[in-house]
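Trainee: pasted the sequence and its predicted model underneath.
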Amino acid sequence: MAVPKAKTSKWRRDQRRAKSFFERLKPPSLSKCPSCGEMILPHRVCPYCGEYRGRKVIEVE
């Protein structure tokens, strides 16, 4: 079984744990909907026109 050679410092431990926190601070990546041109999250149904990959998926009022 693997055993660490030296104690992990509090700073190094906290830096490793803080990675998920800093990932959440980044702004989300947006892409343009090919049918209506609105900025949406990639790989999601467009909430403005209801299309995904060229097909009508949901009805939007």
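Mentor: Looks like it came in fine.
Trainee: in the chain, what secondary structure element scores lowest on mean pLDDT?
Mentor: Lowest by mean pLDDT, DSSP states H and E among the helices and strands of the chain is helix 19-25, with a mean of 86.
Trainee: quick check: next helix or strand after that one?
Mentor: Moving toward the C-terminus from helix 19-25, the first helix or strand encountered (DSSP states H and E) is strand 31-32.
Trainee: in the protein, which spans are helices?
Mentor: For the chain, the helices defined by DSSP state H occupy 10-17, 19-25.
Trainee: most neighbours per residue, which of these?
Mentor: helix 10-17 (a mean of 10; mean count of other C-beta atoms under 10 Å). All C-beta spots, glycine's among them, are computed from the backbone N, C-alpha and C.
Trainee: avg pLDDT for it?
Mentor: On average, the pLDDT along helix 10-17 is 94.
Trainee: present the helices of the chain as a markdown table; the columns should include distance to residue 44.
Mentor: Converted to a markdown table, the helices of the chain look like this (distance: least, C-beta to C-beta, whole Å):
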| stretch | distance to residue 44 |
| --- | --- |
| helix 10-17 | 29 |
| helix 19-25 | 18 |
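Trainee: I'd like to know which of these is closest to residue 56.
Mentor: helix 19-25 (32.9 Å; C-beta to C-beta).
Trainee: helices or strands up against the closest one?
Mentor: Helices and strands touching helix 19-25, by 3 or more C-beta pairs under 8 Å, 6 or more residues apart in numbering; DSSP states H and E: there are none.
Trainee: alpha carbons only: can I get that helix in PDB?
Mentor: Output in PDB follows, covering the C-alpha atoms of helix 19-25 (Å, rounded to 0.1, in the frame of the first residue of the first chain):
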ATOM      1  CA  LYS A  19      -9.900  24.000  -6.700                       C
ATOM      2  CA  SER A  20     -13.600  23.300  -6.900                       C
ATOM      3  CA  PHE A  21     -14.300  26.700  -5.300                       C
ATOM      4  CA  PHE A  22     -12.300  28.600  -8.000                       C
ATOM      5  CA  GLU A  23     -13.900  26.600 -10.800                       C
ATOM      6  CA  ARG A  24     -17.300  27.900  -9.600                       C
ATOM      7  CA  LEU A  25     -16.100  31.500  -9.900                       C
END
